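>>> what follows is a predicted structure for the sequence shown.
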Amino acid sequence: MSVKQNTLKAEFSLKGKGLHTGKEVCATFKPAEENCGYRIIRTDIEGRPVIPALAAYVQFVDRASCLEKEGVKIFTMEHAMAALYGCGVDNCDIELDGEEFPILDGSSRFYVEAIEKVGLQEQNAERQYFEVTEKMEFACEATQSKITLLPDTEYSINLVVAYDSPYLSMQYATYDSRTNFVKEIAPCRTFVFLREVEALFANNLIKGGDLQNAIVIVDKEISEEEVKRLSAQFGYEGIEVKQGILNNLDLYFDNEPARHKLLDVMGDLALCGRFIKGRVIAERPGHKVNTAMAQKIYKAVLNAEKEDAYPADVDIMAEPLMDINKIRMLLPHRPPFLLIDKIYKVTNNVVIGCKNVTMNEPFFVGHFPDEPVMPGVLIVEAMSQCGGILVLNQVPDPENYSTYFMKIDGVKFRKKVVPGDTLVFKLITLAPVKRGIVTMKGYAFVGKKLVCEGEFMAQVAKTKN
């Protein structure tokens, strides 16, 4: 049974302090189109840079996950990611006016309550999964942390934490399809040991930390003088130690720390960009091993996408859908810069075409005389032209429009293209055309070997009245 993607029915905003910076920040969650995943937009920076919430952009910092793209950073997003993932949201744009998400009460509770209030909107596209087909592991000897993924038909997490502490020596937590995420996982708050607090303050961290957004665990006797000093440091009067907790918080669950660690695992693994079908076993997990596993999953997703991208359903020896004459009717390019020979397939979101590379190409005169190699920039240009066919095929009067590429990102060249090769291109739209803007993922193959890939953003503009 297929499951459809979901986005939010309406937008919502949450305001609060960042855990580490202590600065007030506002996060606004908005509906987003199919297949875009989670995207974070820094509204406080000129140009409103976008950072996809993907493991490709993960950087590790102490006690928090961090995303970085082109020098722009986002911190402490794991509680928001867990809320979106746990509530079944596939696509969401998040506008952030600072570098850190608000810590709120140290859990996902307020994010989840806001999601439930606005509700979910089902979309047409099917949900994208990463199905674990073989055992995957990542371990960190320094922290004795380990995450293992095993094949399964549904998503589940089995977690154990163990600390050198009489109060929190060992705890377990589990999550599966029977777990009520909203009530049993989302409200569980972050925690810290009192002995760690001084070091965190010394390292200029947890400026926004207080007794309202963290469980502070006391696993040693403290003097009255130290209690007074801590009261001054946290800005609270009458701090008490009650059953190993520095303040008067009542735990929601006996194993709330373990449940919060499970929340972190869910939020960090969400950065793989897919809903997971598999069993997660987490032993003493932390953000470092969590995000490292997310990176492994993300790489596996990319590899699977490349394998799936090969146009196995197209026979390049068969009669094409469009020959060079029909292509000339859509594209304004002309020799020697018309770099597409045939189009085999065009749908609303996919185009497949080819270029036969011969020794007669004019660029081989200088690139290179003794070792002819097709320039990478022309492979990208040919792929772009193929994408232009996809876009122009969707307008009623394509002769009056042109496609202008605005951005090319993530281009990788994996193999030389030489005379005698046939380049087969496949481009897939990543989102519906919006305000004349389209984004596409492109692949170029020689045989079944991937030789080039990249992402393209283009604008469709009218050229004639």
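Here it is on my side, so go on.

>>> what ranges do the strands span in the stretch 351-465 of the chain?
Taking DSSP state E, counting those that start in this stretch as the criterion, the stretch 351-465 of the chain contains strands spanning 401-413, 422-429, 437-446, 449-462.

>>> between those, which one is nearest to Lys306?
Proximity to Lys306, assessed across the strands of the stretch 351-465 of the chain by Cβ to Cβ, is greatest for strand 449-462 (5.4 Å). C-beta: built from backbone N, CA, C; applies to glycine.

>>> end-to-end on stretch 137-154?
Counting by Cα to Cα, to the nearest Å, you get 18 Å between the two ends of stretch 137-154.

>>> thinking again about what came up before, mind checking the strands of the stretch 351-465 of the chain for the one nearest to Glu134?
Each of the strands of the stretch 351-465 of the chain has some distance to Glu134 by Cβ to Cβ; the shortest is strand 449-462, at 21.8 Å.

>>> report the angle between the closest one and strand 422-429.
Strand 449-462 and strand 422-429 meet at an angle of 50 degrees, taking axes from the mean of the first three to the mean of the last three Cα atoms, to 10 degrees as the criterion.

>>> going forward, the N-terminal residue is numbered 3.
Got it, first residue is 3 now, which makes that one strand 451-464.

>>> tally of neighbours for Pro337?
The burial metric for Pro337, expressed as a neighbour count using other Cβ atoms under 10 Å, is 9.

>>> for Gly389, which non-adjacent residue is closest in space?
If you skip the residues right next to it in sequence, Gly389 has Leu429 as its closest partner in space, 4.5 Å away by Cβ to Cβ, 6 or more residues apart in numbering.

>>> for Glu307, helix, strand, or coil?
The three-state assignment at Glu307 reads helix, by DSSP: H, G, I helix; E, B strand; the rest coil.

>>> what about it, how many residues nearby?
Glu307 has 14 neighbours, counted by other Cβ under 10 Å.

>>> got the contact list for the nearest residue to Thr431 once chain neighbours are set aside?
Nearest residue to Thr431 in three dimensions, chain neighbours excluded: Asn351, at 4.3 Å (Cβ to Cβ, 6+ apart). Contacts here follow Cβ atoms under 8 Å, 6 or more residues apart in numbering; on that basis Asn351 touches 392, 430-431.

>>> now, of these, which are buried?
392, 430-431 (16 or more other Cβ atoms under 10 Å).

>>> rewinding a little: in the sheet, who's paired with the residue nearest to Gly389?
Counting by DSSP bridges, Leu429 is bridged to Val353, Gly444.

>>> dump stretch 177-192 to CSV, keeping only the CA atoms.
Included here for stretch 177-192 are C-alpha records, laid out as CSV according to Å, rounded to 0.1, in the frame of the first residue of the first chain:
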residue,chain,number,x,y,z
TYR,A,177,10.0,3.3,19.3
ASP,A,178,7.9,1.5,16.6
SER,A,179,4.6,1.7,14.8
ARG,A,180,2.7,1.2,18.1
THR,A,181,4.4,4.1,19.9
ASN,A,182,2.5,7.3,20.2
PHE,A,183,5.2,9.7,19.2
VAL,A,184,3.3,12.8,20.2
LYS,A,185,2.7,11.7,23.7
GLU,A,186,5.5,9.3,24.5
ILE,A,187,8.6,10.8,22.7
ALA,A,188,8.1,14.4,21.7
PRO,A,189,7.7,15.9,25.2
CYS,A,190,11.0,14.4,26.5
ARG,A,191,13.4,17.1,27.4
THR,A,192,17.2,17.3,26.9
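
>>> the helices in the protein, which residues?
80-88, 111-120, 183-186, 196-204, 226-236, 258-271, 289-311, 326-332, 378-394 (DSSP state H).

>>> where does pLDDT dip in the stretch 103-252 of the chain?
Within the stretch 103-252 of the chain, the set of residues satisfying pLDDT under 70 comprises 199-214, 233, 235-246, 248-250.

>>> and if we set it to 90?
Residues of the stretch 103-252 of the chain that meet the criterion pLDDT under 90 lie in 127, 144-145, 165-171, 193-252.

>>> let me see the ranges of the strands in it.
Listed from the start of the chain, the stretch 103-252 of the chain has strands (DSSP E, counting those that start in this stretch) covering 122-128, 131-133, 138-142, 147-152, 158-163, 173-177, 193-195, 217-219.

>>> out of the ones you listed, nearest to Val27?
With Cβ to Cβ as the measure, strand 193-195 is the member of the strands of the stretch 103-252 of the chain nearest Val27 (20.6 Å).

>>> who are the packing partners of that closest one?
The criterion is 3 or more Cβ pairs under 8 Å, 6 or more residues apart in numbering; DSSP states H and E, and the helices and strands that strand 193-195 contacts are strand 217-219, helix 258-271.

>>> apply 7 Å and report the result again.
Where contact means 3 or more Cβ pairs under 7 Å, 6 or more residues apart in numbering; DSSP states H and E, strand 193-195 is packed against strand 217-219.

>>> give the contact list for the closest residue to Phe195 other than its chain neighbours.
If you skip the residues right next to it in sequence, Phe195 has Ile219 as its closest partner in space, 5.1 Å away by Cβ to Cβ, 6+ apart. If you count contacts by Cβ atoms under 7 Å, 6 or more residues apart in numbering, Ile219 has them with 167, 169-170, 193, 195-196, 246-247.

>>> mind redoing it with 8 Å?
Contacts here follow Cβ under 8 Å, 6+ apart; on that basis Ile219 touches 167, 169-170, 193-196, 246-248, 259.

>>> list the beta-bridge partners for it.
Under DSSP bridges, the beta-bridge partners of Ile219 are Phe195, Ile247.

>>> out of the helices of the chain, which is closest to Val163?
With Cβ to Cβ as the measure, helix 258-271 is the member of the helices of the chain nearest Val163 (5.1 Å).

>>> Asp411: neighbouring residues, count only.
Quick note: Asp411 (other Cβ under 10 Å) scores 9 neighbours.

>>> with Val397 instead?
Burial of Val397 is recorded as 16 neighbouring residues (other Cβ under 10 Å).

>>> correct me, but it touches Val440?
No. With the criterion set as Cβ atoms under 8 Å, Val397 and Val440 do not qualify as a contacting pair; they are 11.2 Å apart.
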